[in-house]
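[1] Fold the following for me, if possible:
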Amino acid sequence: MALAAIASIGWALTQFAAATRSLEITATQWGPIPVTVFSGRTDETGTAVPVAPADRIAHTTRPVVVIAHGFAGSQQLMQPFAVTLARNGYLAVTFDFPGHGRHPTPLPGSLREHDALLAALLASIEQTVTGAQALPQSDRRVAVLGHSMASDLVVRYAQAHPEIAATVGVSLVFGGAQMIAPRNLLSIYGSLEPAMVQAFGRTLVAGTPDGTPSATRAQGVESGVAYADVKAGVTYGSLADGSARRFALAAGAEHIGVLYHPTSLRETLDWLDGTFARVPLERSTATSVQQPRFIDARGRAIAALMIGVVALTWPLSRLLRSALASSAGFRPRAMRNVDAFSPQRPIRLRDWLIVTLVPALATPLVLRTVPTSFLPILLGDYLLLHFAVYGLFTALGIVWLVRRRVLVLHAPRAPALATLVGATAVLAWSTLAIGVPVDRYLFNLTPAAGRVPLIAAMLVGTLIWFAADEWLTRNARAPRWAYPFTKACFIVSLAIAVGLDLERLFFLVIIIPAILVLFIIYGLFSRWSFRATGSPWPSAFANACAFAWGIAVTFPAISR
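    The predicted model follows:
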């Protein structure tokens, strides 16, 4: 298992290296904005070195594509587009919005202060576009690309700046009062995204909310298509005069997967090639064979990396167990919270459902009326309270079972040394093996200025829930399916909270899939560390730290 896991990790890392080997990737800062520039290499004379099989770079200057991430994202999330475009002869620029990633400046106000937020976000795009045009490799022609929240921003920016040659909206949402599309608009969605989200793209292609083709378009060109007639994969209008519109679907992709889907990358590349009239250069000899363009395929590499890391955890946990046994004569065994008055038997289904379902239902109802504006991080304060209140309800349920003598509150039968070593090992492994590659290839996990106290604050809530949940689910009397069941209940509880206060908590919908993935990964870590140490506390602490860190670092910081 260890050899197979190492091979999987090694293959993934070679794929990442191969994708960027022929690129110059420069991380810099323009004012307070963290920026990364992706470009093809040049030789000592300043001549561009071909970086794609098609030899697409003919000159030292090239069009610029400014790429913007979505809500609670960071520029790492947009690397598939940046690498694909740079490998095919464009100058790609990614950046972090205020309050996101490694940007040191928080966003102004809250989600309800729409005008201030919009002004700050658009100003970041403006500054990045200006800086990108000033790069020596730039020919000053610019296209903009945005995902989710940023798709609305790039559409607004392009509407106000007709010099923007093309706009690409991935999972495009648009809150503008007028459905007037900018020059050469491409909207891309995952086919699994809700129809109500896809409707934004279809509406912008059609031109007006009621589906009537609009004559008030960029450069006064009418698309001539009604909303009901908008077809995926069909280009309406002309790229040459800026009136082109296109609605595209990436089959089988959802809100995040659409960023890695080859259809999204290929559609974007085709769209920009058409806009800037760029075609693959002919080879110098008639016998040369034109090679296909480069399309980033890091989705498979990321999957292989994560699978390898998780798989490697199992043999490492057995190694930890052996080390503890040989050093201290320790023999881990499961918690047996029983006494002489009650034989060991599983918790009755009715009692189990009461202890697990009541917190899931009660927590969103209790928090429905509780103000959550005490942390300078959007939605982080609500999540802190949700974890804490849910954990307290679970702890009360455990006490109820103890008082009814269904459980007996005994301490775990594991030496303090084993618990300490186990907690340190699990936390260190999850930080290095998960945190480092995620920070490099997926999204930012490096705390920006002022984020460390937020991690400590979030840990208060996450530790309460994970400690109570680990104690309950690792108990000898818990059902075999206890651990996944309580995680499903937590996700359902978050969904109920969103349904009760959609306006305030809507963006929690975005992170529910991420929470599910983390539950699966850290659930396996939890199971293996419990078998190694005989204690639920190492995994409870490691899981709580992972969730607290992720929420505090990725959710947008705001100035209260």
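[2] from memory Val142 sits against Ala134, does it?
    No. Applying CB atoms under 8 Å as the test, Val142 and Ala134 come out as separate, 11.4 Å apart. Every residue, glycine included, has its C-beta placed from N, CA and C.
[3] who has more neighbours, these two?
    Using other CB atoms under 10 Å as the criterion, Val142 and Ala134 rank with Val142 on top: 22 against 11.
[4] strands paired with the helix or strand hosting that one, and their directions?
    Assigned by DSSP states H and E, Val142 belongs to strand 138-147. Strand pairing for strand 138-147, determined by DSSP bridges: strand 62-68 (parallel), strand 166-170 (parallel).
[5] Throw the ones you listed into a markdown table and include distance to Ala395, thanks.
    As requested, the strands paired with strand 138-147 are exported to a markdown table (distance: least, CB to CB, whole Å):
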| stretch | distance to Ala395 |
| --- | --- |
| strand 62-68 | 43 |
| strand 166-170 | 43 |
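[6] nearest spatial neighbour of Arg202, skipping sequence neighbours?
    Val230 (4.4 Å; CB to CB, 6 or more residues apart in numbering).
[7] what about the one you found, how many residues close to it?
    Around Val230 there are 23 residues (other CB under 10 Å).
[8] Then Ala119?
    There are 11 residues near Ala119, going by other CB under 10 Å.
[9] From the contact counts, what lies against whatever helix or strand comes next after the strand holding Val142?
    Following strand 138-147 in sequence order, the next helix or strand is helix 149-160 (DSSP H and E). Judged by 3 or more CB pairs under 8 Å, 6 or more residues apart in numbering; DSSP states H and E, the packing partners of helix 149-160 are strand 62-68, helix 114-133, strand 138-147, strand 166-170, strand 185-190.
[10] who touches the last one?
    In this case it means strand 185-190. Contact with strand 185-190 is made by 151, 155, 158, 166-172, 197-198, 200-201, 204-205, 244-250, 252-255, 257-258, 261, 263-264, 267-268, 271, as judged by CB atoms under 8 Å, 6 or more residues apart in numbering.
[11] Show me which residues of that strand are buried.
    By neighbour count with 16 or more other CB atoms under 10 Å, strand 185-190 contains the buried residues Leu185, Leu186, Ser187, Ile188, Tyr189, Gly190.
[12] wait, what's in contact with Phe490?
    Counted by CB under 8 Å, 6+ apart, Phe490 has contacts Ala360, Tyr390, Trp465, Ile515, Phe519.
[13] got TSV for those residues, with pLDDT, neighbour count and secondary structure too?
    TSV is the format used below for the contacts of Phe490 (pLDDT from 0 to 100; neighbours: other CB atoms under 10 Å; DSSP: H, G, I helix; E, B strand; the rest coil):
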residue	pLDDT	neighbour count	secondary structure
Ala360	97	21	helix
Tyr390	97	27	helix
Trp465	97	27	helix
Ile515	88	18	helix
Phe519	92	20	helix
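[14] What count of nearby residues applies to Ala160?
    11.
[15] cool, and Ser373?
    Ser373: 10 neighbours (other CB under 10 Å).
[16] now Ala181
    30.
[17] Which of the three states applies to the residue lying closest to it once chain neighbours are set aside?
    Distance criterion CB to CB, 6+ apart; nearest residue to Ala181, sequence neighbours excluded, is Leu204 at 4.6 Å. Three-state call for Leu204 (DSSP: H, G, I helix; E, B strand; the rest coil): helix.
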